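K.L.:
Could you work out the structure for the sequence below:
(one chain, ligands or ions: 1)
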Amino acid sequence: MASSAAYELRSLEGRGQGLVASKDVRAEEVIFEELSLVTVKTWMILSGVVVLRREKVEQKYQALPDAARRCYRSLHPLLLGAEPAEPAAEPAELRPEEHLKVWDSCGFDFCDLEDTQWNQVLHLMICPTLLSLACGGAYAYRAHGQYVRSILAAGVLFFAILGPFCAKLFYFGSQGLFVTAARLNHSCLPNCEVRIEGKGRPAKMVLCAKKQVKKGQELTIDYIKELAHLEPSERRKLLQQDYGFLCRCPKCLALDRAVATAEEEEET
Ligand SMILES: C[S@@+](CC[C@H](N)C(=O)[O-])C[C@H]1O[C@@H](n2cnc3c(N)ncnc32)[C@H](O)[C@@H]1O
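P.N.:
Take a look at the predicted model:
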């Protein structure tokens, strides 16, 4: 893991711990780079929902050296948010459901080179071929038409439109645990973004500033950046459902204050 003096870990009110800039950072500046502790292959739907981890996370954990296992365990939600002076909270060993909690709360999703190649085969070859055979065949059977013609006609349709369409519906992906980046809190107005370069294993994550960040400001990312178009209340609901926390980023806190003021004014 590469580290620099550009950030430090601090306790932040209502958000557990988080990374804070320890010096002024320019827009687009790289704040840190980090290699994944461990990665697993996944099956994703709808721009970023993991439906299946194709590799067993427990096996990955068992294969790690002792020091890396300690880092992995430190990502358990019981420890994330706890003060560093509370080591008693560390679970001795993780149960299967605790492994899943680690990945659900700290896993970063991405597509590496291998996933991208498989996705091209899946979306540009396999899906259109299967659908053309099924739909063209069914049409020819019902309409007593020519199978080859019907399948070819369906093929034109599916090869032209299905690949781009289903590329975001279901795809092969990867998920990585990054020990430092796991401490980044969410904000609906983030000042940083992560880029994951998955050319091989371990994957490399790069944290970049989206805008100028002043010394002492928290470094934040958007956990649901694919859903930036949603209303603030919907984003909040989603974060609570999928990530299990009520968003207390500055934007949501400001909205809370505005709602409370409006309610007070209505009552008086
Ligand atoms: C990946 S961890 C981030 C680091 C964590 N705060 C810690 O103490 O190590 C994600 C957890 O941080 C907290 N968190 C992150 N962003 C938050 C936010 N905007 N508002 C409230 N809690 C947040 C939630 O408890 C969430 O489950």
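
K.L.:
Run through the bridge partners of Leu35.
P.N.:
Lys204 (DSSP bridges).

K.L.:
That one reaches Pro202, doesn't it?
P.N.:
Yes - contact status for Leu35 versus Pro202: in contact at 4.3 Å, counting by Cβ atoms under 8 Å. Placement of C-beta: from N, CA and C, glycine included.

K.L.:
Quick check: which ranges of the stretch 151-268 of the chain have low pLDDT?
P.N.:
By pLDDT under 70, the weakly predicted segments of the stretch 151-268 of the chain are 162-164.

K.L.:
who in it is up against the ligand?
P.N.:
Applying Cβ under 6 Å from any ligand atom, we find that the stretch 151-268 of the chain lies next to the ligand at 182-183, 185-187, 243-245, 247-249.

K.L.:
Which one of those is nearest to Leu12?
P.N.:
Asn185 (7.0 Å; Cβ to Cβ).

K.L.:
Setting aside sequence neighbours, what's the nearest residue to that closest one?
P.N.:
Counting by Cβ to Cβ, 6 or more residues apart in numbering, the nearest residue to Asn185 once its immediate chain neighbours are dropped is Gly18, at 4.2 Å.

K.L.:
in which helix or strand would I find Glu97?
P.N.:
helix 96-106 (DSSP states H and E).

K.L.:
any residue of the following helix or strand past that helix up close to the ligand?
P.N.:
Helices and strands here follow DSSP H and E; after helix 96-106, the next one along the chain is strand 108-110. No - on the criterion Cβ under 6 Å from any ligand atom, strand 108-110 is out of touch with the ligand, staying 9.5 Å away.

K.L.:
what helices or strands is strand 108-110 leaning on?
P.N.:
Judged by 3 or more Cβ pairs under 8 Å, 6 or more residues apart in numbering; DSSP states H and E, strand 108-110 is in contact with strand 170-177, strand 192-197.

K.L.:
Quick one: residues in contact with it.
P.N.:
42, 44, 48, 50, 173-178, 181, 194, 196, 198, 203, 205 (Cβ atoms under 8 Å, 6 or more residues apart in numbering).

K.L.:
and the next element down the chain from it?
P.N.:
Following strand 108-110 in sequence, per DSSP H and E, is helix 113-121.

K.L.:
so that following helix versus strand 192-197, what angle?
P.N.:
80 degrees (axes from the mean of the first three to the mean of the last three Cα atoms, to 10 degrees).

K.L.:
Going forward, count from 39.
P.N.:
With 39 as the first residue, the last one maps to helix 151-159.
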